[in-house]
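> give me the fold of what follows.
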Amino acid sequence: MNPLAWLGELGRAVLNLLAAFGRVALFALDALSHIFRPPFYPRELGMALLNIGWLSLPVVGLTTIFTGGALALQIYAGGARFNAEAVVPQIVAIGMVRELGPVMVGLMIAARVTSSIAAEIATMKVTEQIDALVTLSTHPMKYLAAPRILAALITVPVLVAVGDIIGIAGGYAVATQNLGFNPAAYLKNTVDFLEPLDILSSLVKGAAFGMIAAIMGCYFGMHSGRGAQGVGRATKGSVEAAAVLILAANFVLTGVFFSL
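Numbers count the residues shown, from 1 in each chain. This next block holds a predicted model:
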């Protein structure tokens, strides 16, 4: 065996990865361009807003309230080693708003919404409903992708804001009921410590994560294979790709907002 064969395999893998990124980027640009061009489909947009936004509230609320409570307990336990228990309100607030709130909401949206979009569109492709749309002179990108991406851009920042508030409330409940913090002092420390940039970064991350989740669902759905196995692979691949890209985007955006 050629000792340099592994180098060729590595090169092919890198080229395939770059080609995949290129295909996704072109798909995203095409989908985003259709958001601003008529015709528009308000009924599809309304259904997407309901599915992505309102119906995601229970899982977002439960996820963030337990995360905020657990964060308060962990910070108190860690701070007790250095006599720094008093920093619980500040760290819970900045941890939820800057990082945990947007990331947890983004991952929940990837699990719930991305998989749903990918499975729905992949099923439409398998059953030739997308071909029927083309026959009826309806652009699939405009009818299927654009409303879902726009709905995610609108609703996920709102979900992140709600998740931040609920997560801070979870930390507040644990700190005041179990850890002996004064309620008024806890709230004052929380409000005084947060800055407008923290809130702005949280909302921007929400919009970016929502866009990623919706685009991955639409891309894998429209490029799924035939049959039940194709739908399954598209659904699994969309969630995996969305989760990884959300975490990567979180790293990049954190560096943009808070790098010194």
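> avg pLDDT for the helix or strand residue 68 falls within?
Counting by DSSP states H and E, the element that carries residue 68 is helix 57-79. Across helix 57-79, the average pLDDT comes to 91.
> from the contact counts, what lies against that helix?
helix 88-94, helix 101-109, helix 146-177 (3 or more CB pairs under 8 Å, 6 or more residues apart in numbering; DSSP states H and E). (Each C-beta comes from the backbone N, C-alpha and C, glycine too.)
> do you know which of those lies nearest residue 236?
Closest approach to residue 236 among those (CB to CB): helix 101-109, 15.3 Å.
> between helix 146-177 and the closest one, find me the angle.
Taking axes from the mean of the first three to the mean of the last three CA atoms, to 10 degrees, one finds helix 101-109 and helix 146-177 inclined to each other by 130 degrees.
> picking that back up, which residues does the helix holding residue 68 contact?
Contact partners of helix 57-79, identified using CB atoms under 8 Å, 6 or more residues apart in numbering, comprise 85-88, 91-92, 95-96, 100-101, 104-105, 108, 112, 159, 162-164, 166-175, 178-179.
> so what's the most centrally placed residue in the chain closest to, chain neighbours aside?
Note on the chain: the residue nearest the mean C-alpha position is residue 106, at 2.4 Å, using CA atoms, centre = their mean. In space, and not counting its chain neighbours, residue 106 is closest to residue 209: 3.3 Å by CB to CB, 6 or more residues apart in numbering.
> contacting residues for the one you found?
Per CB under 8 Å, 6+ apart, neighbours of residue 209: 102, 103, 105, 106, 109, 110, 156, 160, 246, 249, 250.
> that one: which element?
Secondary structure (DSSP H and E) places residue 209 in helix 196-222.
> tilt between the following helix or strand past that helix and helix 101-109?
Remark: after helix 196-222, the chain's next helix or strand is helix 227-258, criterion DSSP H and E. Interaxial angle of helix 227-258 relative to helix 101-109 (the same axes, to 10 degrees): 170 degrees.
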